[in-house]
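Asker: Just need the structure, nothing else, for what follows:
(chains A and B)
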Amino acid sequence: MANISTLNTTAAGFDAVSDQVASGPRGRKPRRTLSPRNIMLYGTLFVFALYYLLPLYVMVVTSLKGMPEVRMGNIFSPPMEITFEPWVKAWAEACTGLNCDGLSRGFWNSVRILVPSVVVSIAVASVSGYALANWRFKGSEFYFSILIIGAFIPYQVMLYPVVIALREIGVYGTLTGLVIVHTIFGMPILTLLFRNYFASLPVELFKAARIDGAGFWQIYFRIMLPMSLPIFVVAMILQVTGIWNDFLFGVVFTRPDVYPMTVQLNNIVNSVQGVKEYNVNMAATLLTGAVPLIVYFLSGRLFVRGIAAGAVKG
Amino acid sequence: MTNSVSIRDLSLSFGAVKVLQDLNLEIRDGEFLVLLGSSGCGKSTLLNCIAGLLEPTDGQIFIKGRNVTWEEPKDRGIGMVFQSYALYPQMTVEKNLSFGLRVAGVPKEDIQRRIARAADILQIQPLLNRKPAELSGGQRQRVAIGRALVRDVDVFLFDEPLSNLDAKLRSELRVEIKRLHHSLKNTMIYVTHDQIEALTLADRIAIMKSGVIQQLDDPVTIYNRPVNLFVAGFIGSPSMNFLHGELAEEGGRAVFRTHGVSFSLTGYEATEPLAPGRKVVLGVRPEHIHVDNHEPGAEMHDAVVDIEEPMGADNLLWLKHAGHTMSVRTGGAKRFAPGTKLQMSFDMSVASLFDAETEERV
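Answerer: Below you'll find the predicted structure:
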């Protein structure tokens, strides 16, 4: 009998609890959209976005105005009459020195510098990063330390020796010379990047490939490369933006007819003769900045996708 | 008959750290050898040396009577299965299996035939077109074994292949590996830290500690006649009871004496004369202490139940006796409340005596 009464009280207890569950909070906790936290968060984001977008806005509207409208001084007002004249002038007609074919010359120079520099530096750095991570050879640690030190030496220190070196091998002032310089100076940071990435891949994959009989290049091309899309995208972003935005090497190691776009932009904007054509300057600056911007927008997405694809463990 | 794998005077150091030291090991043709030890004992290093993934500092490695010390991994006639499976993530299962053959330039029909055979043995035909990411852990490990299988190798090397799997899958795959060995009859070298895997799979077990093989014997001998205190304590779960005491003589017979209590050593097969006064450690496994069904004429000792751990199939009792606490395995049916007084007897024929100084078996 005692047992039955205990059972009853227990059952009653359960009922009380289950009633409470039915009426009490249940499922996901509701959140208010206009909570103080959200107001702070989005408010801050809005202020920062405004702060960074305002200069861009000024540049875009100014580049779409004619000179008379620019002279009126209302830099924040939208153009009363939209004109693409400044853009055409910046691209095809603006004068630097004796050349009056605009930024287009610099653009193509930059492309001819960019493509080989990016391709060669990434190719060499990825192979040496792979070798450093997976094939320990005699002196590999020493070689790696030298590379790391190289990454921390300011470029300005090496300008003069590099000029002499380029002169000695006969490529000073040419695009080839600049490509060589960009490739070499990109090497430390890129090699470090690739080495760390390859070192983070499971070492068993490398061992398994060796037991399967694959050699140095087979492992690189058939095992490592297909797994490394994300790091190649990162390296590409680094190199494209770095080389495109470079001014120092461009101005030091080339001659006026092969100046990259950045140097030419500077020469257009800083020309002291005649009136300051602010609208043309703005258009020219936007044109020069377009390439890194486009790279960020396009590869940003690819970048995330690459990371997501690589994150799935095999 | 030549041995399948022989390792002669193998040493390996990383800088000043000596991982392996003058290691000798002969593995018979078709034998399943398990290298067992805790982490850092050098068992994986030894396996990597056999595979050719690590260069030994000194010594030689023979596979099938051929000196392969300087050979590339692919030329050694070995296949290896890794703990992390190491499947190439961007390739389908079929491509994973065929990669080594494609690298070696094996004809297409031959590749097809070998993959079909391996897939048949391991029952992975439905998975051939999947990527590794779409497989479960057990399926991945099966594919990894298949990769060694298609290469038609003499020696299989397993580097803790089941350690990443959950307990149920582990015991299933364990049986499959054993079945595979029975049907293929290849030499297999298997590294693990799991003593159950070692005891169930091995023809012989090599127990390693600090780069030195402590004992190399079949599982029954290892379990019942460990050569030293380390092996005795390493093998067995729950682990062996160790009683510290000394040898003595009572009525012309050798006894083990501890805390004023004497245990008769009748039935113990000593490897050397049991001189009285020698400091020794007596090791008795939990299932070799009886609390009921005593042998006729067994020597009885009083003990008190301290705590009881029911484990389903059997029951683990912790007994207090003359200053010692010892574990005893009993049948699962009978229960003992803490504080129960009972009588226990030791099965001396499977007990172990170790010298307290050298820790070697006496």
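
Asker: where does the chain have low pLDDT?
Answerer: Chain wasn't specified; assuming chain A. In the predicted model of chain A, residues A:1-21, A:97-98, A:272, A:302-314 satisfy pLDDT under 70.

Asker: That was the other one, I meant chain B.
Answerer: B:1-2.

Asker: domains in it, as residue ranges please.
Answerer: Chain B is divided into the following domains under automatic domain parsing: B:5-234, B:243-355.

Asker: Would you format the ones you listed as JSON lines with mean neighbour count included?
Answerer: Glycine gets a C-beta too; all of them are placed from N, C-alpha and C. Listed next are these as JSON lines, based on neighbours: other Cβ atoms under 10 Å in any protein chain shown:
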{"stretch": "domain B:5-234", "mean neighbour count": "19"}
{"stretch": "domain B:243-355", "mean neighbour count": "15"}
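
Asker: how much space between the residue nearest to B:E309 when sequence neighbours are not counted and B:T200?
Answerer: Using Cβ to Cβ, 6 or more residues apart in numbering or on different chains and skipping residues adjacent in sequence, the residue nearest B:E309 is B:L316, 4.1 Å away. Separation of B:L316 from B:T200 (Cβ to Cβ, to the nearest Å): 21 Å.

Asker: what's the answer for B:L36, then?
Answerer: Distance, B:L36 to B:T200, using Cβ to Cβ: 12 Å.

Asker: can you check B:I111 too?
Answerer: From B:I111 across to B:T200, the span is 34 Å (Cβ to Cβ).

Asker: element containing B:M188, please.
Answerer: Here B:M188 sits within strand B:187-192, counting by DSSP states H and E.

Asker: chain center to stretch B:143-153: distance?
Answerer: How far stretch B:143-153 lies from its chain's middle: 23 Å, per Cα atoms, centre = their mean, to the nearest Å.

Asker: Any part of it near chain A?
Answerer: Yes: counting by Cβ under 8 Å from any Cβ of the partner chain, contacts between stretch B:143-153 and chain A involve B:R147, B:R151.

Asker: Export only the CA atoms of that stretch, formatted as PDB.
Answerer: What follows is stretch B:143-153, C-alpha atoms only, in PDB (Å, rounded to 0.1, in the frame of the first residue of the first chain):
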ATOM      1  CA  VAL B 143      38.600   2.800 -48.600                       C
ATOM      2  CA  ALA B 144      41.900   3.500 -47.000                       C
ATOM      3  CA  ILE B 145      42.500  -0.200 -46.600                       C
ATOM      4  CA  GLY B 146      41.400  -0.700 -50.200                       C
ATOM      5  CA  ARG B 147      44.100   1.700 -51.300                       C
ATOM      6  CA  ALA B 148      46.700  -0.700 -49.800                       C
ATOM      7  CA  LEU B 149      44.800  -3.700 -51.200                       C
ATOM      8  CA  VAL B 150      44.800  -2.600 -54.900                       C
ATOM      9  CA  ARG B 151      48.600  -2.200 -54.900                       C
ATOM     10  CA  ASP B 152      49.100  -6.000 -54.300                       C
ATOM     11  CA  VAL B 153      51.700  -5.500 -51.700                       C
END
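
Asker: who's in contact with it?
Answerer: For stretch B:143-153, the external contacting residues (Cβ atoms under 8 Å, 6 or more residues apart in numbering or on different chains) are A:208, A:212, B:77-82, B:85-87, B:93, B:96-101, B:111, B:114-115, B:117-119, B:121-122, B:124, B:127, B:132, B:135, B:156-157, B:161, B:177, B:180, B:186.

Asker: what does stretch B:87-101 give?
Answerer: Contacts to stretch B:87-101, defined as Cβ under 8 Å, 6+ apart, come from residues A:205, A:208-209, A:211-214, A:222-223, A:226-227, A:312-314, B:74, B:110-111, B:114-115, B:118-119, B:124, B:127-133, B:135, B:140, B:143-144, B:146-147, B:150-151.

Asker: tell me the secondary structure for the closest residue to chain A within the stretch 1-150 of chain B?
Answerer: Residue of the stretch 1-150 of chain B nearest chain A, by Cβ to the nearest Cβ: B:P89 (2.6 Å). Secondary structure assignment for B:P89 (DSSP: H, G, I helix; E, B strand; the rest coil): coil.

Asker: now it: how far from A:M224?
Answerer: Applying Cβ to Cβ, the value for B:P89 to A:M224 is 11 Å.

Asker: likewise A:V61?
Answerer: 49 Å.

Asker: I figured B:G245 hits B:G283, correct?
Answerer: No: shown here, B:G245 and B:G283 do not form a contact pair, counting by Cβ atoms under 8 Å, at 11.7 Å.

Asker: picking that back up, in terms of neighbours, single out the busier of A:V61 and A:M224.
Answerer: Higher neighbour count among A:V61 and A:M224: A:M224, with 23 against 20, using other Cβ atoms under 10 Å in any protein chain shown.

Asker: you'd agree the more buried one is up against A:V127?
Answerer: No: between A:M224 and A:V127 there is no contact under Cβ under 8 Å: 9.7 Å.

Asker: related to what we said a few turns ago, now the helix or strand where the residue nearest to B:E309 lies, how far from the centre of its chain.
Answerer: Take DSSP H and E as the rule and B:L316 turns out to sit in strand B:314-321. Put simply, strand B:314-321 sits 26 Å off its chain's centre (Cα atoms, centre = their mean).
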